[in-house]
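Student: can't give you the sequence, but here's the structure:
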């Protein structure tokens, strides 16, 4: 029920995902609305159930409060299905805050984790660089950044089959020891504990794919993600304007769209799993359409099949042993 | 003597600036080297002097240490000319850290300022949005961010003739109260003391020119600047690749260059004045060529003619009166 294009695009994405096979989906929402939407697809024989819920937590609502006020909201029911083992993962295109709160309260957090983290590729020019965190943890201690390094490494291993992912700290100077206090302290901790730490990376190097995992606090990571989105949209417009009349319209549109899409990965390509959580919960972009929904479901599936939660727990345990003082 | 292309491009830029008239320039450096470079231009009748210095502080040198070790380095001699009133401003394409240290030690800082700040337009799609600070103040208290708001406003007024510039805080949510601890505290302070505070701005809105001044700590501001540079370079390459063979080569090159340049403002368009300093010291991009040098000199000239230092001092005084507890 959440997201800018729910339930229409969400249902369309679910139908497309299920048609690919090997998947059963429970559509959690107002049965009447969801049923009506389903009936617009030729979905009779598909393994799609409707699971009733009551209410939606909107973007911008204070999540903790909303959880109490709307105990039957769709995100809570969906997350509950995962907790009970009735679903292997949940996917939402709605409020990130609500999904985080639901995951934290219902699924629980892995040991050492304060809040769910979000990370993944956000710069299309470097589609195999996971930036973590991108906005759920705004004020971070160095130990939290170390946890992000672990969670991001698990992400890169699972989704990109990288055995030992390179981890870098996003900073304002290439040399270790350059940066603000938070990053300088984190550098030291990383050097002591992470064999796969390759040092600092500057923001201009991010699009070059110099690292598999780029660690930043959620404030900085969110700014990286959003600036990329905004610049991509602006440059796409500039290019379209300059090329108008010099190339056929469809070629101009295609290039402008490519520039937009390569810089708006999350919107176009679905969403990422909440990290640091005891279960699978994937959060898509609020503006994601059917294809983004389909891909988000694929992400949930891969997360489950690769045992994202279990692997994270094991790797966090390892790092706690390597750096007990930082926990 | 500083910068990637010194002294060749620096001397060429100086000659070009002086040819525009109304300007005398002292070229500070090794007289032999600078003289040889000058002799390659038909600069005989131009008001250009050579001022001898000895040594250069390189990018990456620990500035405070270098200041003591190389007391006759070009940046120190040049800044000294400003202090003695023998020059109205100095311009360097060399180490930012050295220029800052020289300005702080020799010219002195304005009341309430801890370190020189750097700010100005860094996103070409929004050429009249000054982002401040872009990397000289990495860990900031809210009161420092308030000072940046003042310095940035003076910058926008002086360079863009904006009477009351709009000031926004860069954050991860549009609403005041969203952000990390630093920004939340700064929001409150800004709301109480800055009548021209328009609230928070998100990074995706920066390229839209929604504000005249965007305030961030130097860590975040530097990441904004560098990410813009890197994405611009990467997207320019992508566009060139896609258009190759579909448009004449020179048109492809022109568009790729425009995309690069609009996202690499500082490198292309010269540099910005150090803010919060008792005098004029302009720092250009290390990779700036002759035209960037010429523009940086223009920036120094305009800073002097608009009484940048005096106006900043007066406006900082005003804000101290409005928010005495924050000083």
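Tutor: Thanks, I have it. Bear in mind that the values here come from a model prediction, so they are computed numbers and not experimental data.
Student: can you give me the strands for chain A?
Tutor: A:25-29, A:48-52, A:90-92, A:117-121, A:130-132, A:167-171, A:197-202, A:213-215, A:271-275, A:281-284 (DSSP state E).
Student: and residue B:292, which of the ones you listed is closest to it?
Tutor: Comparing the strands of chain A against residue B:292 with C-beta to C-beta, the closest turns out to be strand A:197-202 (20.5 Å). Yep, even glycine has a C-beta here, placed from its N, CA and C like the rest.
Student: Pairing partners for that closest one, with directions?
Tutor: strand A:167-171 (parallel) (DSSP bridges).
Student: what mean pLDDT would you report for the strand it pairs with?
Tutor: In this model, strand A:167-171 carries a mean pLDDT of 97.
Student: neighbouring contacts of it?
Tutor: Residues from elsewhere that reach strand A:167-171, judged by C-beta atoms under 8 Å, 6 or more residues apart in numbering or on different chains: A:131, A:145, A:149, A:152-153, A:178-180, A:183, A:186-187, A:190, A:194, A:196-203, A:206, A:210-216, A:220-221, A:224, B:219, B:223.
Student: Take these and keep only those in helices.
Tutor: A:145, A:149, A:152-153, A:183, A:186-187, A:190, A:220-221, A:224, B:219, B:223 (DSSP state H).
Student: Dump those to JSON lines, plus pLDDT, neighbour count and distance to residue B:84.
Tutor: Below are the ones in helices among the contacts of strand A:167-171 laid out as JSON lines (pLDDT from 0 to 100; neighbours: other C-beta atoms under 10 Å in any protein chain shown; distance: C-beta to C-beta, whole Å):
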{"residue": "A:145", "pLDDT": "97", "neighbour count": "25", "distance to residue B:84": "47"}
{"residue": "A:149", "pLDDT": "98", "neighbour count": "27", "distance to residue B:84": "51"}
{"residue": "A:152", "pLDDT": "98", "neighbour count": "26", "distance to residue B:84": "54"}
{"residue": "A:153", "pLDDT": "98", "neighbour count": "26", "distance to residue B:84": "56"}
{"residue": "A:183", "pLDDT": "95", "neighbour count": "27", "distance to residue B:84": "39"}
{"residue": "A:186", "pLDDT": "95", "neighbour count": "29", "distance to residue B:84": "44"}
{"residue": "A:187", "pLDDT": "95", "neighbour count": "22", "distance to residue B:84": "41"}
{"residue": "A:190", "pLDDT": "95", "neighbour count": "25", "distance to residue B:84": "47"}
{"residue": "A:220", "pLDDT": "98", "neighbour count": "29", "distance to residue B:84": "42"}
{"residue": "A:221", "pLDDT": "97", "neighbour count": "29", "distance to residue B:84": "47"}
{"residue": "A:224", "pLDDT": "98", "neighbour count": "25", "distance to residue B:84": "44"}
{"residue": "B:219", "pLDDT": "97", "neighbour count": "25", "distance to residue B:84": "35"}
{"residue": "B:223", "pLDDT": "97", "neighbour count": "27", "distance to residue B:84": "38"}
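Student: Please enumerate residues in contact with the helix or strand of chain A with the lowest mean pLDDT?
Tutor: Least confident helix or strand of chain A, by mean pLDDT, DSSP states H and E, is helix A:265-269 with a mean of 85. With contact meaning C-beta under 8 Å, 6+ apart, helix A:265-269 is reached by A:120-124, A:127, A:225, A:229, A:261, A:272, A:284-285, A:287-288, A:291-292, A:295.
Student: Roughly how far does the most centrally placed residue in chain A sit from residue A:113?
Tutor: Among the residues of chain A, the one closest to the centroid is residue A:272, at 2.4 Å (C-alpha atoms, centre = their mean). As judged by C-beta to C-beta, to the nearest Å, residue A:272 and residue A:113 stand 16 Å apart.
Student: now do residue A:144
Tutor: 8 Å.
Student: Equivalent analysis for residue A:24, please.
Tutor: Residue A:24 is 29 Å from residue A:113, by C-beta to C-beta.
Student: Then residue A:198?
Tutor: 24 Å.
Student: quick one, which of the two is more surrounded?
Tutor: residue A:113 (23 against 17; other C-beta atoms under 10 Å in any protein chain shown).
Student: Near chain B, which residues of the stretch 1-150 of chain A are found?
Tutor: A:60, A:123, A:125, A:135, A:138, A:139 (C-beta under 8 Å from any C-beta of the partner chain).
Student: Buried members of these into PyMOL, please.
Tutor: In PyMOL syntax, the buried subset of the residues of the stretch 1-150 of chain A next to chain B is picked out as below (16 or more other C-beta atoms under 10 Å in any protein chain shown):
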select buried, chain A and resi 123+125+135+138
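Student: Report the two of the residues of the stretch 1-150 of chain A next to chain B separated the most.
Tutor: Farthest apart among the residues of the stretch 1-150 of chain A next to chain B by C-beta to C-beta are A:60 and A:125. That separation is 30.8 Å.
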